[in-house]
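Chemist: Sharing a model that was predicted from the sequence below.
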Number of protein chains: 2
Amino acid sequence: MVLLSSYRNGIFSQGYSVVVVFSMLNSQKLTISLDRDGEEPIYRQLIRHIRAQIESGTLPAGTRLPASRDLAHQLSISRISVVNAYAELRSEGFLSAHAGRGTFIAGESNNAPPPTNGKNGSAAHDSETPTTPDRSIREMMRMARKPGIINFAQGAPPADFFPFQHVRDSINTVLDRDGAKALGYEITEGFPPLRTAVRDYVSALGIRCTADQVLITGGTQQGIDLVIQALLSEGELLVTENPTYLGMIDIARARRVQIHGIDVDDSGIRLDMLENYIIDNRPRLIYVMPTFQNPSGTVMPLHRRRQLLNLANDYQIPVLEDGVYHELRFEGESLPPLKALDETGIVIHASGFTKMMLPGIRIGYLICDNQHYERLVRVKQAADISTPALNQRAMQLLLERGVLSQQLERNNRDLRRRRDVALAAAARFLPPGSRWNTPVGGLYLWVQFPTNGPTAAEVFITAIHMGVGYGIGTVFYTNGCGSHRLRINYASQRPADIEDGFRRIGRAWREVALEYDELEKAPLF
Amino acid sequence: MVLLSSYRNGIFSQGYSVVVVFSMLNSQKLTISLDRDGEEPIYRQLIRHIRAQIESGTLPAGTRLPASRDLAHQLSISRISVVNAYAELRSEGFLSAHAGRGTFIAGESNNAPPPTNGKNGSAAHDSETPTTPDRSIREMMRMARKPGIINFAQGAPPADFFPFQHVRDSINTVLDRDGAKALGYEITEGFPPLRTAVRDYVSALGIRCTADQVLITGGTQQGIDLVIQALLSEGELLVTENPTYLGMIDIARARRVQIHGIDVDDSGIRLDMLENYIIDNRPRLIYVMPTFQNPSGTVMPLHRRRQLLNLANDYQIPVLEDGVYHELRFEGESLPPLKALDETGIVIHASGFTKMMLPGIRIGYLICDNQHYERLVRVKQAADISTPALNQRAMQLLLERGVLSQQLERNNRDLRRRRDVALAAAARFLPPGSRWNTPVGGLYLWVQFPTNGPTAAEVFITAIHMGVGYGIGTVFYTNGCGSHRLRINYASQRPADIEDGFRRIGRAWREVALEYDELEKAPLF
């Protein structure tokens, strides 16, 4: 197939473009008119136009469509939009793909539902493109709820890790014991016995603090967000690892603070680069996840932890430590959190019980010295007055009863098993040239597809249609890197599904890779 | 008593001042050294110095202390600091007050606990001054928890209004039905059946919306905070009623947005003043509570509601409507919320189930049009990912079972009874010249002490020592007005305690007013 001609009409400046693509093979013409400023995602506009032309007979069965890379080039849009549109149309039976030959209009249009446009799409998730980074978590969470999908995309632990009966018992005990108090306002700092219980809990990790230094939050996410709001004004600068926690990228966007990621190596954030960056830019806060970093799984060794603290003290820049995966270790020796090594009060420690077992209860905590505490309480007060009383009281009872540590032990055994299944499945099913880490804790495998093939985003919709979802690597980077990376939450699936999920990813990758035909492999310009 | 002399030493500029006050009557000398920049509140420093001089014998029994106004003048501190210090020392037995004659060192120092300084105070609330506006809610909430205090200060409904057994049943039904799902993450927008239930619930108030326009929040406070964060950048301008919801003043401070209050009359916010202000200043958002305004109790009549919407549409300024008290009507006809009158989508409606019966469950909602919805979801996602799943599901079941409307009916009957008791007690016990409204809904009586007597803040500590707490009027104003105002949450107390509480307020007022002796009544300068 050769493209003979294309033109754009004169209203391009108003956000519209029309491209007509002639195909030599059968003299068919594809007309695409895009509204670049509209609310309807580009890939849905593409779907709409192609489907309309198939249904009207303008594009008869057997017509070969342009390769995705060429059409993207002609329309000046990203290739992922074309790939997604083709995948969707294929799943609806409008198109068929033939390995090595290209994408064709299918023999007959099937009885697909009538075309919908983006605004009035039949389902909420249909009206949004799944790969716009700032919508990605929500999209992933939505897709996770589609039945039949093996969902590696979420940040959640598996539901069968929750100590369900214990939670139920605790809630009922609290209701019996406290009556209506369990339904009333709690003070902003948190239910005092829970703050004491958290103090005791973290002392086992080596963190020495008083209950007055513990602030209960609505999950770890809220704790992190409160710190950003308390310490940074709009436009001020936050430094993170790169890649980093997606929720932190979301916070930076929502709070209008600048975020800059420093590369990580096998031992975590690169301190040489960090120091250079600090000297030139004087950021207000350093955010790190020293143990089982999300998404890369990195564990910062003890000496680098100490060096990081020295650096922070030298330049007097507070460190926000995210310890949410710290206890999810199934191999090797535990390392002290930064807060346990902190002698100057420069570290604010954020963690919670979310990843351990109870995401839906939404209990997290901040531990910090007095210099920040009052300001954090004020921001928490403004944010939501206090964390739900019942949830706090139930969590306190779970800690008192030792449920957490028992459950953690069981979960970590299971995590290790699932990790082993994931490693074996990755070796068996991922495309040759893929790479991944060997996690010793946490929930994730951090995978890289071969860099000369399709990206994680390009494979994504096809993978969803094959019944598997994963985290698209780019969304974890502060600068759009990581196009061939995937975050696989192996922990969230039972062993059989882990294996099956990797098989599907491998299959999806091969299907998309086949579109890399001779033309596709040619340089874009 | 006549003040002979006073001096300040040369290190005043470093935040210290020393004042020596000579008393003619018995040639005693009071030496006070204040650290104005320190962490210890001024009134606690006063307490510390006076107590030390009593304990050392420097100030013998029978010594008459300067009148609070004079000492405040001499020390260049606020009079409330002196009043609070005297009240605290009186409650500890160090001082005695004699009506019309003044304040004296008591006959013998009692066995009070050893002096504490602010930093290491024996209880958290001791180390903070209770009348600094931005700490007031927290202080009030803390004092509310002191046993034996009749607490009119809180914004909470009474615990005996909660449908305790129904909540318990709902939670257990949800756990039975949904299992671990009830403990997992919920999508950011909220549990879909709850969003549908909220849509149906507000349709009974005249608000027409789809479930896709409902965003579930962690209480109404979070809903309001999300709107501020989504619509205003730091330094931008928010317009409110004056007085207004204290939580909104907190939000403005925490989010670093400017807040300007427009005076209210008996029909709510003054639209003439609002329009003038808009013309000159172009605020980004108007925040109002049209029904049972907190704290003033005002209800905006229908014609003003329409005029307000016209004004907002003319100048294209979004309106945030706080509807949290709307359903707490026990007299008269219900008026439509602004959102029910809104034909252009200019109103964002924030409300929740907090004030109705379940503050500790922390479920609120926002209703808005598509133009704001996506941005609000992003801010919510960054804030805490989602509201606890279990709480959302239990609330949905409570709505489905009709518990809310039954409970509301019962609560409103009880509210009216308590209102009647409060009105009678106000007439009987409040000082002559006091004024108050006659609420037809909501939780509060909005009282004004006679303006030629002590302020609400000046009476506060004495009132606490007499076993009653109330909301100090100034904290509800954006500009420090309202010094003689009190917000009385009559709803939170049983009838006998309402009467007793008013009796104690009257007594506290009289005790403090007696300090307004001849000298006190003289002009300050």
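Modeler: Here it is on my side, so go on.
Chemist: and the longest helix seen in chain A, what does it pack onto?
Modeler: Of all the elements of type helix in chain A, the one with the most residues (DSSP state H) is helix A:403-429. Secondary structure elements in contact with helix A:403-429, counted by 3 or more Cβ pairs under 8 Å, 6 or more residues apart in numbering or on different chains; DSSP states H and E, are helix A:164-178, strand A:444-448, helix A:495-514. The way it works is simple: take the backbone N, C-alpha and C, and place the C-beta from them, glycine included.
Chemist: mind running it again at 7 Å?
Modeler: When contacts are defined as 3 or more Cβ pairs under 7 Å, 6 or more residues apart in numbering or on different chains; DSSP states H and E, helix A:403-429 packs onto strand A:444-448, helix A:495-514.
Chemist: JSON lines please, covering those and showing mean pLDDT.
Modeler: Putting the helices and strands packed on helix A:403-429 into JSON lines (pLDDT from 0 to 100) gives the following:
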{"stretch": "strand A:444-448", "mean pLDDT": "98"}
{"stretch": "helix A:495-514", "mean pLDDT": "95"}
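Chemist: Just name the most buried of the ones you listed.
Modeler: A comparison of the helices and strands packed on helix A:403-429 by mean neighbour count, using mean count of other Cβ atoms under 10 Å in any protein chain shown, puts strand A:444-448 on top with a mean of 25.
Chemist: tell me which residues in the longest helix of chain A are buried?
Modeler: A:403-404, A:407-408, A:411-412, A:414-416, A:418-419, A:421-423, A:425-426, A:429 (16 or more other Cβ atoms under 10 Å in any protein chain shown).
Chemist: Then stretch A:170-178?
Modeler: Within stretch A:170-178, the residues that count as buried by 16+ other Cβ under 10 Å are A:170, A:171, A:174, A:175, A:178.
Chemist: from the residues you listed, which are also near chain B?
Modeler: With Cβ under 7 Å from any Cβ of the partner chain as the criterion, the members of the buried residues of stretch A:170-178 in contact with chain B are A:171, A:175.
Chemist: just the buried residues of stretch A:170-178 now: which is nearest chain B?
Modeler: Chain B lies nearest to residue A:175 out of the buried residues of stretch A:170-178, by Cβ to the nearest Cβ, at 5.0 Å.
Chemist: Which residue is the nearest non-sequential neighbour of that closest one?
Modeler: On the basis of Cβ to Cβ, 6 or more residues apart in numbering or on different chains, the spatially nearest residue to residue A:175 that is not a chain neighbour turns out to be residue B:168, at 5.0 Å.
Chemist: and that neighbour, how many neighbours?
Modeler: By other Cβ atoms under 10 Å in any protein chain shown, 19 other residues sit near residue B:168.
Chemist: how near is the residue nearest to residue A:306 when sequence neighbours are not counted to chain B?
Modeler: The shortest distance from residue A:306 to any residue other than its chain neighbours is 6.3 Å, reached at residue A:341 (Cβ to Cβ, 6+ apart). Using Cβ to the nearest Cβ, to the nearest Å, one gets 26 Å for the distance from residue A:341 to chain B.
Chemist: Isn't residue A:341 up against residue A:305?
Modeler: Yes - distance between residue A:341 and residue A:305: 5.9 Å, which falls inside the contact criterion (Cβ atoms under 7 Å).
Chemist: Between the two, which has more neighbouring residues?
Modeler: residue A:305 (24 against 17).
Chemist: for chain A, which spans come out with low pLDDT?
Modeler: In the prediction, chain A carries residues with pLDDT under 70 at positions A:1-28, A:39, A:91, A:98-101, A:107-145, A:355-356, A:516-525.
Chemist: Could you break it into its assigned domains?
Modeler: Chain A resolves into domains spanning A:12-123, A:133-155+A:406-518, A:164-401 when parsed by automatic domain parsing.
Chemist: could I get these as JSON lines with distance to residue B:398?
Modeler: Formatted as JSON lines, the domains of chain A follow (distance: least, Cβ to Cβ, whole Å):
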{"stretch": "domain A:12-123", "distance to residue B:398": "28"}
{"stretch": "domain A:133-155+A:406-518", "distance to residue B:398": "24"}
{"stretch": "domain A:164-401", "distance to residue B:398": "11"}
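Chemist: Since that was my last question, I'll sign off now.
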